[in-house]
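*Asks:* with the input below, show me the fold.
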Amino acid sequence: MEEVLQILNPMTSTIFWSIVVFVILVIVLWKFVLKPVNNMISKRQEEIREKIDTADRKSLEANEYLEEQKKTIDRSRVEAKKIIDEGKEAARKIKEEIENQASEKSKLMLENALIEIRSEKDRSINEVKDEMVDIALSASQKMISKSLSEEDHKKLIEESLKDLGKV
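*Replies:* Numbering: from 1, shown residues only. The predicted structure follows:
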């Protein structure tokens, strides 16, 4: 049994030195490896945090710029619609003005034509009257076979014209 205990019970000096070496190794690793690694990890975390913050800020700025551009586009659309409506209104007014001018011009042309027709009618009537007077004089001279005085001629013409006016 003693042998079993010896196998199970290692030497205390070996255990002691193993513990001392382990503690020294842990201290050395802590001082020279873990602290610089922790510092590097902390720095890297801070850099990543800064980059995320910068990215968030730029994202917000981009969204604000996008909203501003949308508002600008909306204002531009409203202004364009207003300009188009004003153009349509101006075109409508010009069309009405042109139509009114054309209507007035056609009325004026119609009135001028009517005046010209009346004057032509009056001229034609006067020519016909003159012709009738000549015909009446000639016929009356032939019928009477003698020459009438100037006053008799006028009376005869006036009576003929009155008869002709009735016709």
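*Asks:* how far away is residue 52 from residue 89?
*Replies:* 55 Å (CB to CB, to the nearest Å). C-beta coordinates here come from the backbone N, C-alpha and C atoms, glycine included.
*Asks:* equivalent analysis for residue 27, please.
*Replies:* Where residue 89 is concerned, residue 27 sits at a distance of 91 Å (CB to CB).
*Asks:* what about this protein, any weak spots by pLDDT?
*Replies:* Residue ranges of the chain with pLDDT under 70: 1-12, 138-149, 164-167.
*Asks:* give me the element residue 135 is part of.
*Replies:* helix 35-144 (DSSP states H and E).
*Asks:* chain center to stretch 89-102, what's the gap?
*Replies:* 20 Å (CA atoms, centre = their mean, to the nearest Å).
*Asks:* er, stretch 120-138 I mean
*Replies:* Put simply, stretch 120-138 sits 69 Å off its chain's centre (CA atoms, centre = their mean).
*Asks:* may I see the buried residues of that stretch?
*Replies:* 133, 136 (16 or more other CB atoms under 10 Å).
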